[in-house]
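Q: structure of the sequence below:
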Amino acid sequence: MNMSPLKLALIIMPVVAGIAILFAVFSAMGNGSQGLLDSYARGEMSGFMSLGEAPPQPNVAYQTLEGEDVRLSDYRGKVILVNYWATWCGPCIEEMPALDHLQAELGGEQFEVITISLDRNLADAERWYEDNSIEHLPLLHDTQFSPGLIGGIGLPMSVLYDPYGLELGRLPAPAEWASEDAMALINAAVRHTGVEP
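A: Down below sits the predicted model:
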C-alpha cells in the first residue's frame, strides 16, 4: 500500500506525542526530588513541572526585527520566561495577551518574558502583534525549531530559567499568565533565585 508522507506523519505524530506524555508522567512519578517551585504549581499554573534532569538552555541565535542575533544567554542575571509560539497555533495566540500583561506587570531588571516565534517569517508575527495590540513583549524569530532541543513536542511551550540559564520548570501547554497563580510563581522564582533588584 502506498501512503503519502503527510498521511504517515499524521499517523505517527499522535503516537509519538502519546509516548512523550507517558514518558513525562512516569518520569515525574519516579523522581522523588522536589523542584524549587513545585509548591507554586497550582491553580492556573498546575501544569508547571520541574524536570529531574532538565536539558541545557539552547545556544541558538534568534533574530530580532532589526536582523540582529540574540541568544538566551544574553539575558543572564534575570529570571526569564521563554515562550515558544506561532501565529498558526490557536492556543498560542490565546495566551499572548496574558503574557503581554505579565511582562507589563513584572518585567524589568529581575524578570522578563521572551517570546520566540516559530512562524515561517517574522513579518507574520510582527503583523499579528500590531493587529492584537501586543505592546510589551519582545519579538524574536526561531528558524531551527529550538523547542526540539529541550524536548518540546508542541506549541505553546513556556520554560522558566534562573539568572544562570538553568531551567526552573516548564509549562508545555497554554496558560493564564495574567493570573494571581502565575504572578505568585514568577515572584517566587525571582525571590528564591536571589536576583538583585
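
Q: helix or strand with the lowest mean pLDDT in the chain?
A: Using mean pLDDT, DSSP states H and E, the weakest-scoring helix or strand in the chain turns out to be helix 5-30, at a mean of 47.

Q: quick one, strands of the protein?
A: 62-63, 69-70, 79-85, 111-117, 139-141, 157-161, 167-171 (DSSP state E).

Q: who does the third one pair up with?
A: Here strand 79-85 has these sheet partners by DSSP bridges: strand 111-117 (parallel), strand 157-161 (antiparallel).

Q: output that strand in CSV with nothing but the alpha carbons.
A: Output in CSV follows, covering the C-alpha atoms of strand 79-85 (Å, rounded to 0.1, in the frame of the first residue of the first chain):
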residue,chain,number,x,y,z
VAL,A,79,14.8,35.2,35.6
ILE,A,80,13.3,34.7,32.1
LEU,A,81,10.1,33.0,30.9
VAL,A,82,10.7,31.9,27.3
ASN,A,83,7.6,31.3,25.3
TYR,A,84,7.7,29.5,22.0
TRP,A,85,4.7,30.2,19.8
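
Q: and it with strand 167-171, angle?
A: Here strand 79-85 runs at an angle of 40 degrees relative to strand 167-171 (axes from the mean of the first three to the mean of the last three Cα atoms, to 10 degrees).

Q: quick test: name the residue nearest the centre of this structure.
A: Ser158 (1.8 Å; Cα atoms, centre = their mean).

Q: do I have it right that that one meets Glu176?
A: No. When contacts are counted by Cβ atoms under 8 Å, Ser158 is not listed as touching Glu176 (11.8 Å). Every residue, glycine included, has its C-beta placed from N, CA and C.
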